[in-house]
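[1] Here is my input; please provide its structure:
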Amino acid sequence: MREEIQNLKNEALAQIMEAKDSNELEGLRIAYLGRNGKLTKLIKEIKGLSDSEKKEVGRLINESKNAIFETITSKKNQLKVVKREWFDPTIPGKKYKIGKLHPTTQVINEMYEIFKHLGFSIIEGPEIESDVYNFEKLNLPKDHPARSLQDALYIEEPDVVLRTHTSSVESRALETLKPPFRVVVAGKCYRYENVNATNNAMFYQFQGFAVQKGISMADLKGALYSFVRSFFGEKREIRFRCKYYPEVEPGAGLDLDCLFCNKKGCSVCKGRGWIEMLGSGMIHPNILRSFGYDPKKISGYAFGMGLDRIVMDRFKISDIRSLYNGDIKY
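    Purely as a prediction, here's the structure:
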């Protein structure tokens, strides 16, 4: 019987060490230590032994039970340890979907690159602006009729306003920078507008200006031609028209042929076949004088364009509202 007990013990320990999970361990516990287990059945046979044999066999059975129980407990603890998965560094990693830059941001970055090659620097300015920098220093005194066309949104009347154009950065640059300089700036502007397919109360503008001795309208047209050809391509048609802007004299508008209707007229171009892309001109002498420059010695040009219309043209977007309504495809 001693040999049988030892064989059962060795058999049980071997099976426990090969167990793959806790369910298999529980099955082994029941098979050997349960009510009808193999070791339990040997206990029932002790009563047929002599007194001296009972003591010896009982000790062996208890030692075997304890050894089996301790081995099961140890094996359970081993199975609880999380095994590290095998890793092959040569296998390509998982590709996670990431977002893309908004169309407006993409266009701004591309335009910045073009103008940097034309010798322009990049600056920024505040969106909450004073009436002085947004209007008065730009040849727009309080009684100027152009103010009503811009429908400013005031934070504190009459001095603190959400900028209605990026020209406010031009007035700040004229105050702090010294000629010669060429600068571009892009940013949000705000006006009280009736929202429709081509207009919004919040919109982006792109402003550029250059100030130096002897600069002329020819330099302005050359810079704009270079930009249009680089950004829109050689095949796009453009035209200049005489336009009035209080910040410049003389003033000119640059129009681009409408791709949405092939110059036949549609809601985007308002039936004209052309989309007005920007306003431009020579910086008004009054502005130069207000910053201490003699217009006979120092001149400059400026241009400003609605970025949203350029974005719409680039990505064939027919409604400006879709750019800022949270549509995830943009």
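[2] give me every residue that touches residue 189.
    In this structure, residue 189 makes contact with 127, 162-166, 202-205, judged by C-beta atoms under 8 Å, 6 or more residues apart in numbering. Where C-beta positions appear, they are placed from N, C-alpha and C, glycine not excepted.
[3] Kindly confirm my reading that residue 203 is in a strand.
    Yes. When the secondary structure is assigned by DSSP: H, G, I helix; E, B strand; the rest coil, residue 203 falls within a strand.
[4] Check what pLDDT the residue lying closest to it once chain neighbours are set aside gets.
    On the basis of C-beta to C-beta, 6 or more residues apart in numbering, the spatially nearest residue to residue 203 that is not a chain neighbour turns out to be residue 308, at 5.2 Å. According to the prediction, residue 308 has pLDDT 89.
[5] do the same with residue 81
    At residue 81, the predicted lDDT confidence score is 61.
[6] Pull the contacting residues for the closest residue to residue 71 other than its chain neighbours.
    In space, residue 71 comes closest to residue 16 once its chain neighbours are excluded; the distance is 4.9 Å by C-beta to C-beta, 6+ apart. By C-beta under 8 Å, 6+ apart, the contact list for residue 16 reads 25, 28, 68, 71-72, 75.
[7] Quick check on residue 16: phi, psi?
    The main-chain torsion angles of residue 16 are listed as degrees, to the nearest 10 and equal phi -60, psi -40.
[8] Touching stretch 71-78 from outside, list them.
    Contacts of stretch 71-78 with the rest of the structure, by C-beta under 8 Å, 6+ apart, involve 12-13, 16-17, 19, 22, 25, 28-29.
[9] tell me which element the residue nearest to the spatial centre of the chain falls in.
    Closest to where the C-alpha atoms of the chain average out (C-alpha atoms, centre = their mean) is residue 101, at 5.4 Å. Residue 101 is located outside every helix and strand, with elements delineated by DSSP states H and E.
[10] List the residues that contact it.
    For residue 101, the contact set (C-beta under 8 Å, 6+ apart) comprises residue 109.
[11] Could you do residue 205 as well?
    Residues counted as contacts of residue 205 (C-beta under 8 Å, 6+ apart) are 165-166, 186-187, 189, 304-307.
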